[in-house]
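K.L.:
Below are the sequence and a predicted model; questions follow.
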Amino acid sequence: MADLVRFGISIPAPLLGRFDALISAAGYPNRSEAIRDLIRNRLVEAAWEGGTGEMIGTLTLVYDHHVHELGDALTGIQHQHHAAILSTLHIHLDAHLCLEVLVLRGQVPVIKQISDALIGMRGVKHGKLTVTAGGHL
């Protein structure tokens, strides 16, 4: 790691105890790793909320493929935004439902537009976007 900086913080003992239990259950080797992850997560959230910069996202959709023309509409939107869609995965869950996962990369407004358009389509039962930073944190 480049240029590590040590710093101290004051924290109430009960809060630290709860944090230690949480990070132990999550498998963190030490507090430093856990705190670094918390900081990175907050930086990603701030970048997303700020609406600028490049982000990477995974969009998970569950939809009923029997809904008239839904498959064509989903594919059409994906083709319109082919530059921002790095990969897709399509799984047949049962006789009616499909799971589709899209890996997106682009500016925040583009990822939001694609995700909102796909999640909001009639026949999409559930959609969830998860984002992370495109650069180094």
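P.N.:
Structure received. Residues are numbered from 1 along each chain as shown.

K.L.:
all contacts plus neighbour counts: C-alpha atoms, from now on.
P.N.:
Fine.

K.L.:
quick one: the strands in the chain?
P.N.:
54-64, 85-92, 97-107, 124-133 (DSSP state E).

K.L.:
For A2, report the pLDDT, please.
P.N.:
Looking at A2, its pLDDT is 70.

K.L.:
just F19 next, same as before
P.N.:
For F19, the model assigns a pLDDT of 97.

K.L.:
what does L137 give?
P.N.:
On the pLDDT scale, L137 gets 65.

K.L.:
just to revisit the earlier point, out of the strands of the chain, which is closest to Y28?
P.N.:
strand 124-133 (19.9 Å; C-alpha to C-alpha).

K.L.:
Now do that closest one: distance to the chain's middle.
P.N.:
6 Å (C-alpha atoms, centre = their mean, to the nearest Å).

K.L.:
Quick check: mean pLDDT of it?
P.N.:
So the average pLDDT for strand 124-133 ends up being 95.

K.L.:
Need the winner for burial among the strands of the chain.
P.N.:
Burial of those is given as mean neighbour count (mean count of other C-alpha atoms under 10 Å); strand 54-64 ranks first at a mean of 21.

K.L.:
What are the contacting residues of that strand?
P.N.:
Contacts with strand 54-64, where a contact means C-alpha atoms under 8 Å, 6 or more residues apart in numbering, come from 48, 96-108, 111, 115, 119, 123-135.

K.L.:
quick one, longest helix in this structure?
P.N.:
Ranked by number of residues, the top helix in the chain under DSSP state H is helix 31-50.

K.L.:
Name the residues of it that are buried.
P.N.:
Residues of helix 31-50 classed as buried: 34, 40-41, 44, 47-48 (neighbour count, 16 or more other C-alpha atoms under 10 Å).

K.L.:
Does anything pack onto that helix? Which helices or strands?
P.N.:
The contact analysis (3 or more C-alpha pairs under 8 Å, 6 or more residues apart in numbering; DSSP states H and E) places helix 31-50 against helix 13-26, strand 124-133.

K.L.:
could the ones you listed be laid out in CSV, adding distance to G76?
P.N.:
Shown next, in CSV, are the helices and strands packed on helix 31-50 (distance: least, C-alpha to C-alpha, whole Å):
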stretch, distance to G76
helix 13-26, 40
strand 124-133, 15
